[in-house]
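A.B. asks: Sequence below, structure please.
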Amino acid sequence: MAGNTPPLPLHILRTRAGLSQRELAAKTGLHHLTINAIENRRQKTRPSTMRRICDELGCRLEDVEEFSERVRPEGHPNSATA
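C.D. replies: All right, here's what the predicted structure looks like:
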């Protein structure tokens, strides 16, 4: 995804990739209920899990709505490094 594109919900990115929750779970080594809980914002996600999901979907952490608030690009006004 590109620079000024707003983050999208995980379920949108997953379905655009043509994957069900079970398929994404199998490809990332997660349980499908974990994917469901992340999509429904019932579970906080570790950075390593976020990276596994993004690697499989071919996107950046900041492209995923559920992750974007926890991960800010370097230099972002609200980032720890700014």
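A.B. asks: Need the pLDDT of residue 69.
C.D. replies: According to the prediction, residue 69 has pLDDT 74.
A.B. asks: Report how many residues lie close to it.
C.D. replies: Residue 69: 10 surrounding residues under other CB atoms under 10 Å. To be clear about C-beta, it is placed using only N, CA and C from the backbone, and glycine gets the same treatment.
A.B. asks: From residue 54, how far out is the one residue sitting closest to the centre of the chain?
C.D. replies: The centroid of the chain falls nearest to residue 64 when counting by CA atoms, centre = their mean (4.2 Å). Distance, residue 64 to residue 54, using CB to CB, to the nearest Å: 6 Å.
A.B. asks: burial count for residue 55?
C.D. replies: 11.
A.B. asks: going forward, begin numbering at 266 instead of 1
C.D. replies: Okay, residue one is now 266; in that scheme the one you just asked about reads as residue 320.
A.B. asks: Next, the contact list for it, please.
C.D. replies: Residues counted as contacts of residue 320 (CB atoms under 8 Å, 6 or more residues apart in numbering): none.
A.B. asks: Wait, a strand at it?
C.D. replies: No. Membership of residue 320 in a strand is not supported by DSSP: H, G, I helix; E, B strand; the rest coil, which gives helix.
A.B. asks: Look up how far residue 297 lies from it.
C.D. replies: Going from residue 320 to residue 297 by CB to CB gives 18 Å.
A.B. asks: where along the chain do the helices fall?
C.D. replies: Assigned by DSSP state H, the chain shows helices spanning 275-281, 286-293, 297-304, 312-322, 330-333.
A.B. asks: how about these, which one is nearest residue 269?
C.D. replies: helix 330-333 (13.0 Å; CB to CB).
A.B. asks: what sits against the residue nearest to the centre of the chain?
C.D. replies: With contact set as CB under 8 Å, 6+ apart, residue 329 has these partners: 272, 273, 274, 275, 278, 315, 318, 319, 322.
A.B. asks: I figured residue 295 hits residue 313, correct?
C.D. replies: No. Contact criterion CB atoms under 8 Å: residue 295 and residue 313 do not qualify, at 10.9 Å.
A.B. asks: Please identify which of these two sits among more neighbours.
C.D. replies: Remark: of residue 295 and residue 313, residue 295 carries more neighbours, 19 against 7, as counted by other CB under 10 Å.
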